[in-house]
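# Based on what follows, work out the 3D shape:
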Amino acid sequence: MSVLSDKIKNDLPLIDVIRYYLGEPKRKKWSCPFHTGDKTPSLSIKDNRFTCFGCAANGDIFDFVGLLYGVDFKKAVPIAMRDFGYSDKELSVEEKRAYAKKEQARKRDAERIEALKQIERELIQECCDKRRVLYCLKKIKWCKWSEIEVIVNLQNQVKILEAVLDREE
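Have a look, this model is predicted:
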């Protein structure tokens, strides 16, 4: 779905999507469909993203469709595909493989981040137990530092704990 959603985003300007659902703008703005009482148009587009200055709704094509239909991203993509004549059959075999590969990487990254969060919880919970801290620090070594930076607090706690352990030895 990601490859196709990227293709839709690249092929379809947001202004065309909003015109399809809301009609022509008044002075480059539309009345926002996401809140009531919008007497003066408050929804505008900049850099292929919409913003409503009345209710603070904002986002891309799929955020707009999702808010309009009251659904999340996964359900907004098929709605946009239907409304604008896209089919998943338009994807080449290479694009489908690229999507599968990207999805596997996303899942692997999510698992690593969850493992790092678990390590963070263990470090916080067991920070007084020296053996447990050493075990957790050894466990971190299989991760890339870029992944550890996702949890800035963990990195700071590791530095503090290493300093404490160095003083104890």
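# drop to CA atoms for contacts and neighbour counts, all remaining ones
Fine.
# Same question for stretch 32-43: list its buried residues.
Under the neighbour-count criterion of 16 or more other CA atoms under 10 Å, stretch 32-43 has Cys32, Pro33, Phe34, Pro41, Ser42, Leu43 buried.
# same deal with stretch 68-88?
Buried, per 16+ other CA under 10 Å, within stretch 68-88: Phe73, Ala76, Val77, Pro78, Ile79, Ala80, Tyr86.
# Other residues contacting stretch 35-51?
Stretch 35-51 is contacted from outside by 13-15, 26, 28-32, 52-55, 57-61, 64, using CA atoms under 8 Å, 6 or more residues apart in numbering.
# Narrow those residues to those in strands?
Cys52, Asn58, Gly59 (DSSP state E).
# Buried residues, stretch 9-23. List them.
Those would be Leu14, Ile15, Val17, Ile18, for stretch 9-23 by 16+ other CA under 10 Å.
# Find the least confident helix or strand in the protein, judged by mean pLDDT.
helix 145-148 (a mean of 49; mean pLDDT, DSSP states H and E).
# For this protein, just list every one of the strands.
Going by DSSP E, the chain shows strands at 43-46, 49-52, 58-59.
# Of the ones you listed, which is nearest Leu68?
strand 58-59 (11.8 Å; CA to CA).
# could you say what helices and strands the closest one packs with?
Contacting strand 58-59 under the criterion 3 or more CA pairs under 8 Å, 6 or more residues apart in numbering; DSSP states H and E are the following elements: strand 49-52.
# thinking again about what came up before, out of the ones in strands among the contacts of stretch 35-51, which is most surrounded?
Cys52 (21 neighbours; other CA atoms under 10 Å).
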